[in-house]
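Novice: how would this look folded up:
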Amino acid sequence: MTSVSKTADTHKLGRIKHQLLAVGSAKVTGIPLPASLSSTAGPGSGKGGSVFFSDGVSRIRLTLDEGSPVHIVNFGDSAVLTFDGPKGPVSVDGFVEKTGCHCPKQAYITINEGCIFSCRYCNVPNQEKHTKTPDEIVSLITDACSRDTIECISLTSGVVGTMKEEDERLFTILEKIRVFDLPIGVSVYPTPGLSKKLFELGVSEVKFNLETATEKLFAEMCPGLDRDVLWDSLNEAVGIFGKNRVYTNIILGLGESKAEMKRCIMQCLENGIIPIIRPLTPSSELSDYSRPSAADILGIAEFLKSELLRFGLDPSEARTMCAKCMGCDVAPMTDLRAEEVTA
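Specialist: Next up is the predicted model:
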């Protein structure tokens with residue numbers, strides 16, 4: 001990350017990040033942001049863009065919204081984030097980060113912009129469908145490398161054809177992009193045996209998303225998908241990719257209890273899987289849901305950190321994808337440092 005002044009508090013963002021994630025948006029004034037900040041992946045997909053703000057240690061991704069109570073003034077080489085926290089006005093010195101492709105320092109690319117499944121929290125099935133060709137993806141990576149220092153390639157995708165067709169498309173892309181000699185991460189809906197093939201094709205890490213804390217919620221939120229397949233694929237992946245190389249997103253705020261979320265986290269860690277706890281961005285069928293509270297976001301992040309330490313797992317070792325970016329979640333090993341976190 002870009003450096004900031006030695007006199008700046010380079011951990012203030014980490015201490016208040018849970019409060020900002022509970023808002024989820026920011027208005028930006030000052031030097032205009034480039035139009036390339038809009039994204040077709042991640043929370044808020046299809047909502048018209050986002051901004052990445054960093055203090056040099058922590059990073060947060062916020063949806064652009066002129067009505068947001070979070071205000072970022074962009075000066076180009078530096079920026080200031082302000083908002084009214086629970087204990088009064090807060091100001092954080094930092095900078096707006098350039099995006100490689102979707103997020104800083106990565107070429108994070110969605111292969112299929114569209115999906116035949118209709119997870120209730122996801123906007124992707126409602127977007128215009130487009131499948132990028134291998135040559136398009138090579139071009140996007142080449143362009144990202146020309147605009148920024150790219151440290152990895154991350155691939156994700158909706159499902160638009162059969163699972164066999166999706167796998168073959170992914171394999172072809174992976175063969176083409178190996179020429180960049182960068183760590184590669186893959187996050188897709190898995191099929192049996194997929195991890196072995198991905199490993200053979202040079203993939204460094206995988207992320208197969210459980211999405212919900214319970215089987216019951218999964219059935220309600222992700223009709224047509226099989227959570228047992230995800231568990232089996234995650235456990236298989238740990239045996240192939242090894243420690244700190246297998247991840248899963250779990251959404252916080254779908255209606256699970258704190259005890260249910262903790263049980264799911266424990267089940268993951270017991271099997272060597274690192275969960276990324278993603279605060280819900282209300283959209284699609286869940287547009288009337290509320291974002292999780294700052295207290296809930298912080299509480300579960302603190303629990304996750306304590307258990308990660310106990311199991312000897314460390315998401316800060318990630319080389320690709322969400323755990324490397326850290327923008328959409330509280331990163332337990334980076335944001336929750338020894339200093340006091342503001343409740």
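Novice: tell me where the stretch 51-200 of the chain has helices.
Specialist: With DSSP state H, counting those that start in this stretch as the criterion, the stretch 51-200 of the chain has helices at 134-147, 163-177, 194-200.
Novice: any stretches of the stretch 51-200 of the chain with poor pLDDT?
Specialist: Across the stretch 51-200 of the chain, nothing is flagged by pLDDT under 70.
Novice: what count of nearby residues applies to the nearest residue to S68 once chain neighbours are set aside?
Specialist: Leaving aside its chain neighbours, S68 sits nearest to S25 (4.0 Å; criterion: C-beta to C-beta, 6 or more residues apart in numbering). For glycine as for every other residue, the C-beta is placed from the backbone atoms N, C-alpha and C. The local packing of S25 (other C-beta atoms under 10 Å) involves 20 other residues.
Novice: let me know the pLDDT of S25.
Specialist: With respect to pLDDT, S25 scores 96.
Novice: just the helices of the stretch 51-200 of the chain: most buried one?
Specialist: Comparing the helices of the stretch 51-200 of the chain by mean neighbour count (mean count of other C-beta atoms under 10 Å), helix 194-200 ranks first with a mean of 18.
Novice: from the contact counts, what lies against that one?
Specialist: helix 163-177, helix 227-241 (3 or more C-beta pairs under 8 Å, 6 or more residues apart in numbering; DSSP states H and E).
Novice: got those as a markdown table, with distance to P104 columns?
Specialist: Shown next, in a markdown table, are those (distance: least, C-beta to C-beta, whole Å):
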| stretch | distance to P104 |
| --- | --- |
| helix 163-177 | 19 |
| helix 227-241 | 24 |
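Novice: out of the ones you listed, the one nearest G312 is which?
Specialist: helix 227-241 (13.5 Å; C-beta to C-beta).
Novice: ok, back up a step: I'd like the helices of the stretch 51-200 of the chain laid out as JSON lines, including distance to N126.
Specialist: Shown next, in JSON lines, are these (distance: least, C-beta to C-beta, whole Å):
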{"stretch": "helix 134-147", "distance to N126": "22"}
{"stretch": "helix 163-177", "distance to N126": "20"}
{"stretch": "helix 194-200", "distance to N126": "27"}
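Novice: so which of the ones you listed comes closest to L252?
Specialist: Proximity to L252 (C-beta to C-beta) singles out helix 194-200 among those, at 26.1 Å.
Novice: just to revisit the earlier point, and I111, which of the helices and strands packed on helix 194-200 is closest to it?
Specialist: Closest of those to I111 is helix 163-177, at 6.8 Å (criterion: C-beta to C-beta).
Novice: residues in contact with that closest one?
Specialist: If you take C-beta atoms under 8 Å, 6 or more residues apart in numbering as the criterion, helix 163-177 is touched by 111-112, 131, 134-135, 137-138, 141, 153, 155, 157, 159-161, 184, 186, 188-189, 191, 194, 197-198, 201-203.
Novice: could you check the pLDDT of the nearest residue to N209 once chain neighbours are set aside?
Specialist: Excluding the flanking residues, the one nearest N209 by C-beta to C-beta, 6+ apart is N249, at 4.2 Å. What the model reports for N249 is a pLDDT of 98.
Novice: then the one 10 residues further on?
Specialist: Confidence per residue is given as pLDDT, and for A259 that number is 98.
Novice: now swap in the one 10 residues further on and tell me
Specialist: As summarised for this prediction, L269 has a pLDDT of 98.
Novice: which helix or strand lies directly C-terminal to the host helix or strand of it?
Specialist: Per DSSP states H and E: L269 is located in helix 258-270. Per DSSP H and E, the first helix or strand lying C-terminal to helix 258-270 is strand 274-279.
Novice: name every strand pairing with that next one and say which way it goes.
Specialist: If you go by DSSP bridges, strand 274-279 pairs up with strand 246-252 (parallel).
Novice: tell me the angle of the partner strand relative to helix 227-241?
Specialist: Computed with axes from the mean of the first three to the mean of the last three C-alpha atoms, to 10 degrees, the direction of strand 246-252 lies at 140 degrees from that of helix 227-241.
Novice: off-centre distance for strand 246-252?
Specialist: Distance, stretch centre to chain centre, for strand 246-252: 9 Å (C-alpha atoms, centre = their mean, to the nearest Å).
Novice: swap in stretch 54-67?
Specialist: Distance of stretch 54-67 from the chain centroid (C-alpha atoms, centre = their mean) equals 13 Å.
Novice: for it, output the C-alpha coordinates as CSV.
Specialist: Only the C-alpha atoms of stretch 54-67 are listed here, as CSV (Å, rounded to 0.1, in the frame of the first residue of the first chain):
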residue,chain,number,x,y,z
SER,A,54,-6.7,3.2,3.1
ASP,A,55,-4.6,4.5,5.9
GLY,A,56,-1.6,2.4,4.8
VAL,A,57,-2.5,-0.6,7.0
SER,A,58,-6.2,-1.1,6.7
ARG,A,59,-8.4,-0.8,3.6
ILE,A,60,-12.2,-0.3,3.2
ARG,A,61,-14.4,-0.5,0.2
LEU,A,62,-17.5,1.8,0.3
THR,A,63,-20.3,2.2,-2.2
LEU,A,64,-20.5,5.6,-3.7
ASP,A,65,-23.6,7.5,-2.3
GLU,A,66,-24.1,11.2,-2.3
GLY,A,67,-26.4,10.9,0.7
